[in-house]
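Peer 1: I would like to see how this sequence folds:
(chains A and B)
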Protein chains: 2
Amino acid sequence: MEANAPLTAATLARLLGPWRVAGGSDASRHPARAALADRITALILDGRLPVGARLPAERPLSEALELSRTTVTAAYTSLVERGYASARRGSGTYTALPERLLARPAGGWQEGQGADLVDLTCAAPLPPLAALRAATAWAAERLSVVTQESYLPYGLSALREAVAQRYTERGLPTDPSQILVTAGAQGAISLVGRLLIRTGDRILVEGPTYPNAIDSLTAARARLTPVPLDPATGWADGAAGGGAARIPLAQAATRLSPRLVYTIPHFHNPTGLVMPPELAGPLARAARKAGAWLLADETITDAALDVPVPAPFAAAVGPADAERLLVCGSLGKSFWGGLRVGWVRAPSRVVHELAAARASLDLASPVIEQLIAVAVLREGFGIEEERRAEWRASRELLEAALRDAMPDWSWHTPEGGLSLWVRLAGGEESTSLVHRAATHGLLLQSGPRFGADPGTYERYLRLPYTEAPEKLREAVRRLAAARTALGPVHAAERRRDLVA
Amino acid sequence: MEANAPLTAATLARLLGPWRVAGGSDASRHPARAALADRITALILDGRLPVGARLPAERPLSEALELSRTTVTAAYTSLVERGYASARRGSGTYTALPERLLARPAGGWQEGQGADLVDLTCAAPLPPLAALRAATAWAAERLSVVTQESYLPYGLSALREAVAQRYTERGLPTDPSQILVTAGAQGAISLVGRLLIRTGDRILVEGPTYPNAIDSLTAARARLTPVPLDPATGWADGAAGGGAARIPLAQAATRLSPRLVYTIPHFHNPTGLVMPPELAGPLARAARKAGAWLLADETITDAALDVPVPAPFAAAVGPADAERLLVCGSLGKSFWGGLRVGWVRAPSRVVHELAAARASLDLASPVIEQLIAVAVLREGFGIEEERRAEWRASRELLEAALRDAMPDWSWHTPEGGLSLWVRLAGGEESTSLVHRAATHGLLLQSGPRFGADPGTYERYLRLPYTEAPEKLREAVRRLAAARTALGPVHAAERRRDLVA
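Peer 2: Numbers count the residues shown, from 1 in each chain, chains lettered A, B, ... in the order given. Coordinates of the predicted model:
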């Protein structure tokens, strides 16, 4: 399999990071070969090593890691035995996933498969079945409006109008010509990447940020530069001064002249932070003056739990700066991600260019799903308040269960959004924990998935609270069990942590 | 607007090709400035110059074209006056589209807009409303199966099963694990490009080929190398010898070791040619031996009009060669493109990698549209035969109208597919004709859109016969009017053609 860029020993060594356990008594219980196999397994489960990647040959890897070749060979053998690699004669060793994990249910359509797995990798709402039925019925009655055209690169007119109207009602006058319908917000990010990004362009992102945005912009061959958010103060650095001077992201834009700045201003994924509205204008101005485009991702904006829904980011941006501002949104969090209906709001001339670029990506969005989205935006079906009440309850349940089972973990309760960004106890390591949790039937995304630089956020874990209560309780039970099982490793890691 | 790569004078000169009219009496009627403006307009309408691209400054362009600067200035002014460019003070001149063309109806939802336009840019069937209603109702009754998961990177299990079963019934045993659902066949091509292509990789394509595949693979930063199809013999060169030796595409694969070979084996778009089944095996073997992946696009396979539906390409490929074979298909031609349901059939391990790569593109396909696709595949709704009868009638109607109005044009009647690939009369030029047709309210794709090298296929025009009869008749009327209006230019072109 050569589907991916060759994985060199140096690259793997970098991805592994400081993987080796400290010396001492733990070394006998958890020798280097097992630790190496575990870390490679974690990289695979974490999505940072693709399935089917050819692992480096044993000799260069042993040199890069300063290990004996026997150790590397033993680690590879262990991976193969546990299903995380396959050896092909004369060709090498390739990453793989065990059948057990491959058999994840696709859509819940089929009973039985992987029924015991708890999947917290996505922070996505459950399908609102009653509303979905009503919206589908609404759409089914209006199929006759689907007359001539099959491919709508701009999107269904009625949906562009409904989205524009929603912005206008929220205080941001918007014309349908400023809206392009996309395959969810992820499709919007991919499309913006395709239109704007050339190989090697620099993009500023927040640290941490949304993993699929990292992957999409990386696939567009951009260089991502993370600008850390302050866990307490978010986008502001709290220092004296006003305007852009107190926004590290704006300062970085001025200094680095990136091609694009990507921000998640409301209930930021994964931290839950909210950008104060008075920072939006200065950030947009700094980006425009630096010659950058600004992409504000409002996917989660509607998931306001303890505060009103924030005003649109663009409402605080002046007309000149708005020429370089793109906003994406979707119904994925406020209604259902299974619809795959998102959009970009941009100057009309950029909408034309995005529509032209779209043909090479996926031509257009499905028509019936767009009709259903029109129904959702026009009729609402009264689910928003119900949803928020459910999420508040789920958040409370998850927080209580975590406090109970892991009293040494900490987090800020987010005012909105769909997940907790949990800081682990000293020396604990997110990647190891996520790997171990998978063996307990709990799937999670580890902290480093949210960092544009490899190996960052190892002290963090994102825990969505969008699953049903019994699943959340079971998730915490499995997490606690995984943590207990990891004991010795974590003890070793704690020592390393004290040294480093 | 800097959304696109800067357009240099040299690039524009190359795109313009041999644009200048011959001297003589026509020069006064159609001076260089008008000809230059017309050719730039044609490039815009043709999609080869993106809307919003900054045109080169006047001085370098006048030097590159060996024209006076006054002529270039006058051409730019003419573009601006006709809405094909906008001048921004201190910034330059940017390509644009007139409001009239921008107001193309999106989805037919709204009455009135652009109602007079005849759009033959897509060879796509009209929505089969009755079947669509039935399929939507079928899906609406089964929404409760949409239980837990919102994001299905592999696709809905039931749809993967239905697609696999369809292949199995057609003589190619297929397991659902070999199927990945995509956003139409275009989404499949984009996804394959994202997974397999690195900057500068070589891809062999047929000449001519499907324009959106060209765009998608070019956007993946590949170098496309076209291998011409023989208008009479297709993939075989008719020379002595058997197997790969008589397939230029296979020989080119052996010689050039590309990363990927992209082929449309059945009712090839745009030529309508069908690859003889005995060539599939040797082509796949040559690709595999050259270390290449082979992507066979079976989007149009079901549109068989005068012959039975061809056997699956993969059915003639041996197991070793199948390890490097990907096939894409969709319901876009056999049912309706507005569903945006397509798939890749590939070895299971490649399906896993495609699913992993998908997250960064658009996460997954919409669920309800996939349920509707299950209904279409399971129930059929008896539309296939009806459709074929309609298309046969439309093809006959279009051919008769063309023979009548343009007796000096020629084409092979295709045994299937959705369009004619028409050879124009000597000296006529597709791009000019398409440009002129747009001013008569007829939108077409010119021949060069189907060539991976710019400026090729200027003697060809693709004419889909998927529109309603009255629209096809009107299209031919407008085409004839455009051709008449072009008279003098074409006369000049004919002279050039005799010289060149």
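
Peer 1: Hmm, A:Ala420 is touching A:Glu396, no?
Peer 2: No Ala there; residue A:420 is Leu. No - using Cβ atoms under 8 Å, A:Leu420 is not in contact with A:Glu396, being 11.2 Å away. Using the backbone N, CA and C atoms, a C-beta is placed for each residue, glycine as well.

Peer 1: Hmm, A:Leu402 is touching A:Val422, no?
Peer 2: Yes - applying Cβ under 8 Å, one finds A:Leu402 in contact with A:Val422, separated by 7.0 Å.

Peer 1: Common neighbours of these two, please.
Peer 2: A:Trp409, A:Trp411, A:Leu463 (Cβ atoms under 8 Å, 6 or more residues apart in numbering or on different chains).

Peer 1: Run a quick neighbour tally on the second one.
Peer 2: In this case it means A:Trp411. Neighbour count for A:Trp411, taken as other Cβ atoms under 10 Å in any protein chain shown: 20.

Peer 1: so where is chain A shaky, pLDDT-wise?
Peer 2: A:1-6, A:18-30, A:45-48, A:50-51, A:99-115, A:147-150, A:238-243, A:488-500 (pLDDT under 70).

Peer 1: how does it look with 50?
Peer 2: Counting by pLDDT under 50, chain A has low-confidence residues at A:1-4, A:21-27, A:102-113, A:240, A:489-500.

Peer 1: Using the record, which stretches count as separate domains in it?
Peer 2: Here the domain parsing of chain A from automatic domain parsing is A:9-96, A:103-128+A:384-497, A:132-379.

Peer 1: Out of the ones you listed, which gets nearest to B:Ser86?
Peer 2: Nearest to B:Ser86 among those is domain A:132-379 (8.6 Å), distances taken as Cβ to Cβ.

Peer 1: Could you pick out the residues of the stretch 251-400 of chain A near chain B for me?
Peer 2: Within the stretch 251-400 of chain A, the positions lying close to chain B (Cβ under 8 Å from any Cβ of the partner chain) are A:332, A:336-341, A:349-350, A:352-353, A:356-357, A:359-370, A:372.

Peer 1: Could you list which of these belong to helices?
Peer 2: A:Arg349, A:Val350, A:His352, A:Glu353, A:Ala356, A:Ala357, A:Val367, A:Ile368, A:Glu369, A:Gln370, A:Ile372 (DSSP state H).

Peer 1: Export those residues as TSV, with columns for neighbour count and distance to A:Gly90.
Peer 2: Formatted as TSV, these follow (neighbours: other Cβ atoms under 10 Å in any protein chain shown; distance: Cβ to Cβ, whole Å):
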residue	neighbour count	distance to A:Gly90
A:Arg349	19	55
A:Val350	24	51
A:His352	22	53
A:Glu353	22	49
A:Ala356	19	47
A:Ala357	21	43
A:Val367	30	50
A:Ile368	27	50
A:Glu369	29	47
A:Gln370	30	51
A:Ile372	29	52
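
Peer 1: And the strands in chain A?
Peer 2: A:85-88, A:92-95, A:118-119, A:179-183, A:202-207, A:223-228, A:260-263, A:293-297, A:325-330, A:341-345, A:419-423, A:442-443, A:460-464 (DSSP state E).

Peer 1: and the first one, which residues are buried?
Peer 2: Read that as strand A:85-88. The neighbour-count check on strand A:85-88 (16 or more other Cβ atoms under 10 Å in any protein chain shown) flags A:Ala85, A:Ser86 as buried.

Peer 1: Within the sheet, what are the partner strands of it, with directions?
Peer 2: Taking DSSP bridges as the criterion, strand A:85-88 forms sheet pairs with strand A:92-95 (antiparallel).

Peer 1: same question, the fourth one
Peer 2: Next to strand A:179-183 in the sheet, as set by DSSP bridges, lie strand A:341-345 (antiparallel).

Peer 1: Could you check how far the strand it pairs with is from the centre of its chain?
Peer 2: 17 Å (Cα atoms, centre = their mean, to the nearest Å).

Peer 1: how big is the angle separating it from helix A:348-358?
Peer 2: 140 degrees (axes from the mean of the first three to the mean of the last three Cα atoms, to 10 degrees).

Peer 1: outside of strand A:341-345, which residues touch it?
Peer 2: A:155, A:159-160, A:163, A:167, A:174, A:178-188, A:191-192, A:299, A:314, A:326-332, A:351, A:354, A:365, A:369-370, A:372-373, B:366.

Peer 1: Flag every buried residue along stretch A:166-183.
Peer 2: Neighbour-count burial for stretch A:166-183 [16+ other Cβ under 10 Å]: A:Arg166, A:Tyr167, A:Leu172, A:Thr174, A:Pro176, A:Ser177, A:Gln178, A:Ile179, A:Leu180, A:Val181, A:Thr182, A:Ala183.

Peer 1: Let's have the residues you listed in TSV, adding distance to B:Arg259.
Peer 2: Putting those into TSV (distance: Cβ to Cβ, whole Å) gives the following:
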residue	distance to B:Arg259
A:Arg166	44
A:Tyr167	43
A:Leu172	45
A:Thr174	43
A:Pro176	41
A:Ser177	40
A:Gln178	39
A:Ile179	37
A:Leu180	31
A:Val181	33
A:Thr182	28
A:Ala183	26
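
Peer 1: Pull the number of nearby residues for A:Pro407.
Peer 2: Around A:Pro407 there are 9 residues (other Cβ under 10 Å).

Peer 1: typed the wrong thing, it's A:Arg142
Peer 2: As a burial measure, A:Arg142 scores 14 neighbours (other Cβ under 10 Å).

Peer 1: Distance of it relative to B:Leu129?
Peer 2: Computed as Cβ to Cβ, to the nearest Å, the A:Arg142 to B:Leu129 distance reads 11 Å.

Peer 1: again, but for A:Asp321
Peer 2: From A:Asp321 to B:Leu129 the distance is 46 Å (Cβ to Cβ).

Peer 1: ok, now A:Gly171?
Peer 2: Computed as Cβ to Cβ, the A:Gly171 to B:Leu129 distance reads 39 Å.

Peer 1: for A:Leu117, same thing?
Peer 2: Taking Cβ to Cβ as the measure, A:Leu117 falls 41 Å from B:Leu129.

Peer 1: Comparing the two, which residue is more hemmed in?
Peer 2: Shown here are A:Leu117 and B:Leu129; by other Cβ under 10 Å, A:Leu117 has more neighbours (17 against 13).

Peer 1: ok, now which ones touch the closest residue to chain B within the stretch 151-300 of chain A?
Peer 2: Across the stretch 151-300 of chain A, no residue is closer to chain B than A:Asp215, which sits at 3.5 Å (Cβ to the nearest Cβ). Residues in contact with A:Asp215 (Cβ under 8 Å, 6+ apart) are B:Ala359, B:Ser360.
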